[in-house]
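Engineer: heads up, no residue letters with this:
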C-alpha cells in the first residue's frame, strides 16, 4: 500500500505538461477561506428557485462560482508536489518528440509564439490541416524501451526544458491523406494502421490540445497516428458559455472531415478519445452521420473521458449511435473531477463524467470509474486520462489486444442502480 501511495504521488507531479489554471492576478487567499466561500456559494446556488434561474442575479452567482473554482484550483496547484521527472544540472534527461496531425477551425493569429499560432476565434470558412511536433521529457521511459513508430528520442544533459510545441506546417486535406499513407509505410508489414483521434473539451487552447494529444499518444506506447481536432475554445473557465456556443458551428465543419477519416482506405481503425465537452461534438457528429447513413467502417472504438455531456442528450441519441463504433464504447468517470463542477454550476446537474453523486452507466458501454487513482491536484483533476498511466494502461489493453473490461485487471463495483468497473492501481 505504501508503494502504491508513493507511485500515485509521483504520477501527480508531472507539472511540466499538465494543463494549469490561469492564476495570474488571482488573490492568494487561504485554502480554508476559499473552501468556506465555496461551500457558501454552492448553498446559495441550490437555494435559488428554478423559476428564478433565468435572472441576472443567478448568472452573477454562477460567474462567482466559476471564479471561486479557479481560485481554489490555483491554491491546489500552489500546494501540489513538484514534478518528479529529473532534469537540470548533472542529469541526463530523455526527450521524446511526438508528431501530431491536426484538424482545426481556429483562426491563425499573428504571434511569434508557435504554441499560440491558432487562437480562440473561428476562421471565416472551412478548416485547416497541419502537422506539429511536440517535444517533451519522456515520462516513464528507460533506455532500451520500445518507441512508437514516428517518435524521435534524444538524451539531453543539464536541461531544464519542459514541454514545447513547434511551429506548425499547414497543408490541404489531400496532404493529410498523404500523411496517413506515409505513416503506413513506416509500420511493419501487415501491421494495422490505427489512428488516435483526440477531441478536446472546454477551457483548452490550441497549445493545450496538441500537447494533450501528444501526451496521450506517448502514454499509450502503441503504434498509433495521433490526430487532434482542435476547435475554438476560449481557453478561460469564465468563458464556459462561449465554449458551449462553439460546439455546433464546429460540428458542421468537422462532420464531413471525420466521415472521410472513418472511411479512409489506408486506415484499419480509428479510436476516438473525446474529452470533456468534446463528447458533445462527438455524439452530435455521429448522430448526424447515422441520419445520413454515411459509411464509417473504420470507426472501431469511442472513449469518453471526463465527459461534459448532459445525461438526457446522450440517452436520447444512444439508440442511434450505440452500434456505430464496431468494438464498443468506454466511459471514464471520476468523483474528483473539479472542472466538471463548472458544468454543474452552469447546468445545475451533474454531467456524464462526474461520479460524485452517482456513476453514470449506459449499456452496452463500459463505465470505468477512476476516482481511486485520479485525485485533483493539477489541471482541475480533469485530465486524468492524459496524465495518469493507470488509465492509459487500461485504454491500451482495450485497444491492443482488445481485452474486454472483465479481463483488464479492474474491479467490478456497484452503486445502485449502477454496476461499473473501478481502477484501483497496480
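Structural biologist: Nice, thanks for sending it over. Since this is a predicted model, take the numbers as computed values, not measurements.

Engineer: domain assignment for this structure?
Structural biologist: 2-8+19-79, 98-147+160-422 (automatic domain parsing).

Engineer: pLDDT of the last one, averaged?
Structural biologist: Confidence over domain 98-147+160-422, taken as the mean pLDDT, stands at 94.

Engineer: before we move on, the earlier item: just name the most buried of the domains of the chain.
Structural biologist: Most buried of the domains of the chain, by mean neighbour count (mean count of other CB atoms under 10 Å): domain 98-147+160-422, with a mean of 19. All C-beta spots, glycine's among them, are computed from the backbone N, C-alpha and C.

Engineer: end-to-end on that one?
Structural biologist: One end of domain 98-147+160-422 sits 30 Å from the other (CA to CA, to the nearest Å).

Engineer: same thing with stretch 270-284?
Structural biologist: Termini of stretch 270-284 sit 17 Å apart (CA to CA).

Engineer: okay, and residue 301 sits in which element?
Structural biologist: Element membership for residue 301 (DSSP states H and E) is strand 299-305.

Engineer: which element follows that strand toward the C-terminus?
Structural biologist: In N-to-C order, the element after strand 299-305 by DSSP H and E is helix 311-321.

Engineer: and the contacts of that next one?
Structural biologist: Residues from elsewhere that reach helix 311-321 (CB atoms under 8 Å, 6 or more residues apart in numbering): 279-280, 283-284, 286-287, 290-291, 349, 351-352, 360, 362.

Engineer: what's the following helix or strand after the biggest strand by length in the chain?
Structural biologist: Of all the segments of type strand in the chain, defined by DSSP state E, the longest one is strand 92-104. Downstream of strand 92-104, the first helix or strand assigned by DSSP H and E is strand 106-108.

Engineer: ok, the following helix or strand past that following strand: who's next to it in the sheet?
Structural biologist: Reading on from strand 106-108 to the C-terminus, the next helix or strand found by DSSP H and E is strand 118-122. For strand 118-122, the paired strands and their directions (DSSP bridges) read strand 106-108 (antiparallel).

Engineer: got the contact list for the partner strand?
Structural biologist: Under CB under 8 Å, 6+ apart, the answer for strand 106-108 is 117-124, 128, 206, 230-232.

Engineer: same check on stretch 406-420?
Structural biologist: So stretch 406-420 is in contact with 333, 358-361, 366-369, 394, 397-398, 421-424, going by CB under 8 Å, 6+ apart.

Engineer: how far does it sit from the chain's center?
Structural biologist: Distance, stretch centre to chain centre, for stretch 406-420: 23 Å (CA atoms, centre = their mean, to the nearest Å).

Engineer: and for stretch 340-347?
Structural biologist: With CA atoms, centre = their mean, you get 17 Å for stretch 340-347.

Engineer: re earlier: does anything pack onto the strand holding residue 301? Which helices or strands?
Structural biologist: strand 269-275, helix 278-291, strand 329-333, helix 384-387, helix 389-399 (3 or more CB pairs under 8 Å, 6 or more residues apart in numbering; DSSP states H and E).

Engineer: got the angle for that strand vs helix 278-291?
Structural biologist: Angle, strand 299-305 to helix 278-291, by axes from the mean of the first three to the mean of the last three CA atoms, to 10 degrees: 150 degrees.

Engineer: pull the residues that contact strand 299-305.
Structural biologist: 262, 269-276, 279, 282, 286, 324-332, 352-353, 384-386, 391, 395, 398-399.

Engineer: for the contacts of stretch 406-420, which one is nearest residue 175?
Structural biologist: Using CB to CB, residue 398 is the member of these that lies nearest residue 175, at 31.1 Å.

Engineer: what about the helices in this structure?
Structural biologist: Ranges of helices in the chain, per DSSP state H, are 2-11, 31-47, 56-79, 173-186, 206-220, 240-261, 278-291, 311-321, 340-347, 384-387, 389-399.

Engineer: residues contacting residue 206?
Structural biologist: Applying CB under 8 Å, 6+ apart, the residues near residue 206 are 104, 106, 115-119, 230.

Engineer: next, format those as JSON lines and append distance to residue 341.
Structural biologist: Below are these laid out as JSON lines (distance: CB to CB, whole Å):
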{"residue": "104", "distance to residue 341": "28"}
{"residue": "106", "distance to residue 341": "26"}
{"residue": "115", "distance to residue 341": "27"}
{"residue": "116", "distance to residue 341": "28"}
{"residue": "117", "distance to residue 341": "31"}
{"residue": "118", "distance to residue 341": "28"}
{"residue": "119", "distance to residue 341": "27"}
{"residue": "230", "distance to residue 341": "24"}
